[in-house]
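Enquirer: heads up, no residue letters with this:
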């Protein structure tokens, strides 16, 4: 089953080795927003960005990422719900 177009990824991750396959599936499924929520989320967001960019030769690989180390989960959820490209669409929560 494909991912929703908007995802909130909860961190910490149970296994960072799962991140590569997860990001590739997000790209294949057309995810437009991947919001990372929780402690150490900025580092995980940087890892995701590096996976997306890869060697830089494929300009079709794009995924907007955000990180949210502080604040309420509800604020992140509301931001994702109002994301301009898919306003009102379902937001999927993922834990790896």
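Expert: It's in. Worth saying up front: this structure is predicted, and the values here are computed from it rather than measured.

Enquirer: Now for the residue positioned nearest the centre of the chain: which residues touch it?
Expert: For the chain, residue 34 is the residue whose C-alpha lies nearest the centre (CA atoms, centre = their mean; 2.1 Å). Residue 34 makes contacts with 7, 9, 23, 26, 48, 63, 64, 65, 66, as judged by CB atoms under 8 Å, 6 or more residues apart in numbering. Any C-beta I mention is one placed from the backbone N, CA and C, and that applies to glycine too.

Enquirer: residue ranges for the helices of this protein, please.
Expert: Assigned by DSSP state H, the helices in the chain fall at 19-29, 41-53, 73-81.

Enquirer: how long is stretch 60-80 from one end to the other?
Expert: End-to-end span of stretch 60-80 (CA to CA, to the nearest Å): 23 Å.

Enquirer: Please state the offset of that stretch from the chain centre?
Expert: On the basis of CA atoms, centre = their mean, to the nearest Å, stretch 60-80 is displaced by 7 Å from the centre of the chain it belongs to.

Enquirer: what does stretch 66-86 give?
Expert: 11 Å.

Enquirer: Pull the residues that contact it.
Expert: 5-6, 8, 32-42, 44-45, 87-88, 91.

Enquirer: Repeat that for stretch 38-48.
Expert: Residues contacting stretch 38-48 (CB under 8 Å, 6+ apart): 9-13, 16, 19, 23, 34, 36, 63, 65-69.
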